[in-house]
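Participant: I would like to see how this sequence folds:
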Amino acid sequence: MANKRIRVLVCDDSQNMRRLLTDTLSSDPNIEVVGTAADPYEARDLIVALRPDLLTLDIEMPRMDGITFLGKLMAKLPMPVIVVSTLCQSGSLAVVEALRLGAVEALVKPAGARDIPAFRQQLLLKVRGAAGARYRAPIATPPAALAKTVVAGAPSTRLFAVGASTGGTQAIEVLLQQMPADIPGMVVVQHIPPVFSKSFAERLNQFCPQSVKEAEDGDLVADGQVLIAPGGFHLVLVRVGSEYRVRLRQGPPVHYQRPAVDVLFRSVAAVAGHQALGVILTGMGSDGAAGLKQMRDAGSWCIAQDENTAVVYGMPLAAIQAGAACETLPLERIGDAMLSGLARCKRPKVYHQELAPTSS
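Facilitator: This next block holds a predicted model:
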């Protein structure tokens, strides 16, 4: 099984895109492109005949759009799907819907020749990580947007920091729907491309009790508000006087990612320590493990998602192996644990330097 190649089916109406996807995937000896399809009807027949391990799927195609096809596929023959889409606002809304329906990853098509090397690298990373993804049923969409009782409250004195990757868009939505509107401020890094992150935040704001927005440089961390790191930027926590705020940084990718969970968690450990609670959710690789360990060492209570509910168990497992997790829980129990967990945060033996008591 260790030497088993990942068998991929490519579905895209562009011949040039099919060629780029095929050539890139075939460059990895552990990946085999078993077929290509120009539309969902061809893809359907090839899936039945070839039973691939993974599908790459375009959104805008003739005869049937990718979203409609994805919904039908997940209802009858669920499998790991990576959506490959153009970078535009209308396309990003479709991609977020695809992630809700069960696609495990999203990837932006290259806009020009200079984007191709980064695209190739990300495609190979995502296919390797998504190939063994566990299927999770689509999130039921509420019939109407929720009326907000809390927009953004007082500056948070305590906060939540959450990191996720493959399968994380679903997991974060499930998590927020478990929790009340007036939670302590939350900062979130989800590995997601630019523009898609804004649409993701807008969807969460529509269907979750809290106020959710894509983070902007200098945003206040406030009760009842969730800040989502924008694609293409690292998100760091800073302290300005008595307030927590976020800053956006470009900088080099970390673990091939920008935003990276480790960047956020390390900043939280440095400025919030025992006033914060960290959560690592589903995702491939090890991003977040070292940062979560720093948070725990600084006094934070830290939670990792368990194997049975994670779409991909890489990031939570890495955190557990690093000694970063105080507890490991199924996704459906993490919200309640977060609400009670802040009381379990402990002041570390060495944190911000304090004056020693004077002797009498």
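Participant: C-alpha from now on. contacts and neighbour counts both.
Facilitator: OK.
Participant: buried ones in the helix or strand bottoming out on mean pLDDT in the chain?
Facilitator: Sorted by mean pLDDT, DSSP states H and E, the helices and strands of the chain end with helix 89-101, the least confident at a mean of 83. In terms of neighbour count (16 or more other C-alpha atoms under 10 Å), helix 89-101 has its buried residues at 91-101.
Participant: now stretch 27-46
Facilitator: Residues of stretch 27-46 classed as buried by neighbour count (16+ other C-alpha under 10 Å): 31-40, 43, 46.
Participant: Ok, stretch 51-64 next?
Facilitator: For stretch 51-64, using 16+ other C-alpha under 10 Å, the buried residues are 51-61.
Participant: Filter those residues down to just the ones in strands.
Facilitator: 54-57 (DSSP state E).
Participant: Would you tell me which one of these comes nearest to Leu9?
Facilitator: Taking C-alpha to C-alpha as the measure, Leu9 lies nearest Leu55 of these, at 4.9 Å.
Participant: distance of that closest one from Pro78?
Facilitator: 10 Å (C-alpha to C-alpha, to the nearest Å).
Participant: Then Asp12?
Facilitator: Taking C-alpha to C-alpha, one finds Asp12 at 19 Å from Pro78.
Participant: which one of those two has more residues nearby?
Facilitator: In this view Asp12 and Pro78 are compared by other C-alpha atoms under 10 Å, and Asp12 has more residues nearby, 26 against 18.
Participant: my read: the more buried one touches Glu42, true?
Facilitator: No: look at Asp12 against Glu42 with C-alpha atoms under 8 Å: they stay out of range, at 10.3 Å.
Participant: can you redo the buried residues of stretch 51-64 as CSV with distance to Glu327 and pLDDT?
Facilitator: Below are those laid out as CSV (distance: C-alpha to C-alpha, whole Å; pLDDT from 0 to 100):
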residue, distance to Glu327, pLDDT
Arg51, 38, 96
Pro52, 36, 97
Asp53, 32, 96
Leu54, 32, 97
Leu55, 34, 97
Thr56, 35, 98
Leu57, 37, 97
Asp58, 39, 95
Ile59, 39, 92
Glu60, 43, 90
Met61, 45, 90
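Participant: List just the nearest of those residues to Ala113.
Facilitator: Checking these against Ala113 with C-alpha to C-alpha, the nearest one is Asp58 at 19.3 Å.
Participant: Would you confirm that the closest one contacts Ala94?
Facilitator: No: Asp58 is not in contact with Ala94 according to C-alpha under 8 Å; the separation is 10.6 Å.
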